[in-house]
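Student: Quick one, structure for this:
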Amino acid sequence: MTEQNYQFPAGFWWGSATSATQIEGAANQYGKGQNIWDHWYNIQPERFYNQVGPEHTSDFYHRYKEDIALMKEFGHNSFRLSISWSRLIPDGVGEVNEEAVSFYHNVIDELIANDIEPFVNLFHFDMPLPLQEIGGWENREVIEMYRQYAKKAFELFGDKVKKWFTFNEPIVPVEGGYLYNFHYPNVVDAKRAIQVAYHTIIAHATAVQTFKELNIENGKIGIILNLTPSYPRSENTADQKAAHIADLFFNRSFLDPAVLGEYPEDLINLLKEHNHLPQTEDGDAGLIKENTIDILGVNYYQPRRVKAKDNLPNPYSPFMPDWFFDSYEMPGRRMNEYRGWEIYEKGVYDIMINLKENYHNIESFISENGMGVQGEEHFIENGQIQDDYRITFIKDHLKWLHRAIDEGCNAKGYHLWTTMDNWSWSNAYKNRYGFFSVNIDTMERTPKKSAYWFKQISEQNGFHA
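Tutor: Residues are numbered from 1 along each chain as shown. Now for the predicted structure:
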């Protein structure tokens, strides 16, 4: 076969992504307040793989200079981190923790000194505990507290950080915390879940409004969404309808208001039909409409394949999105067996074409993509993890991203999840994702084979394949 040159546009963003709670460590030090992860681990450590909690993460708090040096050495020109709300403002509202201010200034300065642009996210699943105790996103008062936190972050770091994101995967706390019981507060109640989702969008729009009022020079504000294309089993009308409803719940419930400034009419009608519309206030629609984003981060791991329901849902069971579709296992699909996720690289292309055709071709980038693997130590040769599977995974996704760009999609970069092996919520260190392996006893970092490959493609701004 003839090799093809996959050259990316000049200035393409090569890098990786992390979140504060998953890498910082020092969970109970330097003035940080408790968040829901600290609390959940304290009361139910058995819910976490091998009972490893958030105080045993990658110790970025103390090792950020070493980690940033590795990013520089291995081809990063950009890097996404998140600010821990409960580190910056320990009670969630009120007094600012000056040690946190110094820490984040130092990290940002170190990145800039190494020619790595910081992309900063404000919320990555880590609600401060005092605010969860008054209801979290169910409580509308928390929106104003989030606005104050966002404003403080913009004021403190806005002269150095030019790309900001309000939320990472905001639907995950909705699904995990209020529908499917894999995040705190472990509620199963769609009515409450929908209210949480709605308040999150209002909080997002409020932060965007505040950002624009501050008129940060060359600043852009966006959101990071885990877009999971919904593919129907067949062209049958019932399967098509099932895929459409899955798309409404899991993609368009955040994508449409964030980019287009309004909710899909079909979603509103569906929730109204089932008496699950959230409580709203006058002015909300205008706030959402007037505060759309500048830039979209796209997290993509797997597609969602669905079919029409085989059986009617139990009318006495809790209302769920799953009332309207069944999952479908496509014959011949390729799987990441460690995570149970299908590998379907073309999903990247389909997402980008959808953004081009239906969402004003908004500036975007792949903000997360990656492959979690359990037991990577079995792939060690001569002291290095030979993660050829990860190289293939990244390369094949980049091919489709390249094709989308060739066809006019406004995609500007690719960030892997994640920089170094990190703590993955209740899965702790079960699956490893990073360019750099981490010995959780010594915290020693060791580049994997994929790190060397990524350095090469970043330096060449592309690859032959």
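
Student: List the beta-bridge partners for N35.
Tutor: Judged by DSSP bridges, the bridge partners of N35 are P128.

Student: Number the residues from 708 up from this point.
Tutor: Sure thing, new numbering starts at 708, so read that last one as N742.

Student: hang on, isn't it packed against I796?
Tutor: No - at 11.2 Å, N742 does not count as touching I796 under the criterion of Cβ atoms under 8 Å. Backbone N, C-alpha and C define where each C-beta goes, glycine included.

Student: Residues that sit against both of those two, list them.
Tutor: Counting by Cβ atoms under 8 Å, 6 or more residues apart in numbering, the residues touching both N742 and I796 are P835.

Student: Which of these two has more residues huddled nearby?
Tutor: N742 (27 against 24; other Cβ atoms under 10 Å).

Student: What pLDDT is listed against that one?
Tutor: Here the pLDDT value assigned to N742 is 98.

Student: who touches it in this structure?
Tutor: N742 neighbours (Cβ under 8 Å, 6+ apart): 728, 791-793, 833-836.

Student: H746 too?
Tutor: So H746 contacts 836, 839, 891 (Cβ under 8 Å, 6+ apart).

Student: Tally up the residues packed near the closest residue to the second one other than its chain neighbours, please.
Tutor: Okay, so that is Q839. The shortest distance from Q839 to any non-neighbouring residue, by Cβ to Cβ, 6 or more residues apart in numbering, is to I743 (5.1 Å). Neighbour count of I743, defined by other Cβ under 10 Å: 24.

Student: and the gap between I743 and H890?
Tutor: Counting by Cβ to Cβ, to the nearest Å, the gap from I743 to H890 is 8 Å.

Student: How about N828?
Tutor: Counting by Cβ to Cβ, the gap from N828 to H890 is 17 Å.

Student: Next: S791.
Tutor: 17 Å.

Student: try G883
Tutor: Taking Cβ to Cβ, one finds G883 at 3 Å from H890.

Student: isn't E1052 right up against R1110?
Tutor: No - here E1052 does not reach R1110: they are 10.3 Å apart, not a contact under Cβ under 8 Å.

Student: okay, those two: which has more neighbours?
Tutor: Using other Cβ under 10 Å as the criterion, E1052 and R1110 rank with E1052 on top: 20 against 16.

Student: And the pLDDT at that one?
Tutor: pLDDT, read off for E1052, is 98.

Student: mind listing what it touches?
Tutor: Per Cβ under 8 Å, 6+ apart, neighbours of E1052: 1103-1104, 1106-1107.

Student: burial count for N925?
Tutor: Neighbours of N925 (other Cβ under 10 Å): 6.

Student: Sorry, wrong one. I was asking about I730.
Tutor: 25.

Student: What of E980?
Tutor: 9.

Student: What's the mean pLDDT across stretch 750-759?
Tutor: Stretch 750-759 shows a mean pLDDT of 97.

Student: Can you classify T917 as helix, strand or coil?
Tutor: helix (DSSP: H, G, I helix; E, B strand; the rest coil).

Student: if I read this right, it contacts A860, doesn't it?
Tutor: No - contact criterion Cβ under 8 Å: T917 and A860 do not qualify, at 10.1 Å.

Student: Who has more neighbours out of those two?
Tutor: A direct count of neighbours by other Cβ under 10 Å for T917 and A860 places A860 higher, at 23 against 19.

Student: Provide the secondary structure category for that one.
Tutor: Once three-state DSSP is applied, A860 turns out helix.

Student: quick revisit: just want to know which of S791 and H890 has more residues nearby.
Tutor: Using other Cβ under 10 Å as the criterion, S791 and H890 rank with S791 on top: 28 against 22.

Student: The residue nearest to the more buried one when sequence neighbours are not counted: what's it in contact with?
Tutor: Nearest non-adjacent residue to S791, counting by Cβ to Cβ, 6+ apart: A727, 3.8 Å away. By Cβ under 8 Å, 6+ apart, the contact set of A727 is 788-791, 794, 831, 833.

Student: how near is A727 to T709?
Tutor: Counting by Cβ to Cβ, the gap from A727 to T709 is 45 Å.

Student: same deal with N749?
Tutor: N749 is 58 Å from T709, by Cβ to Cβ.
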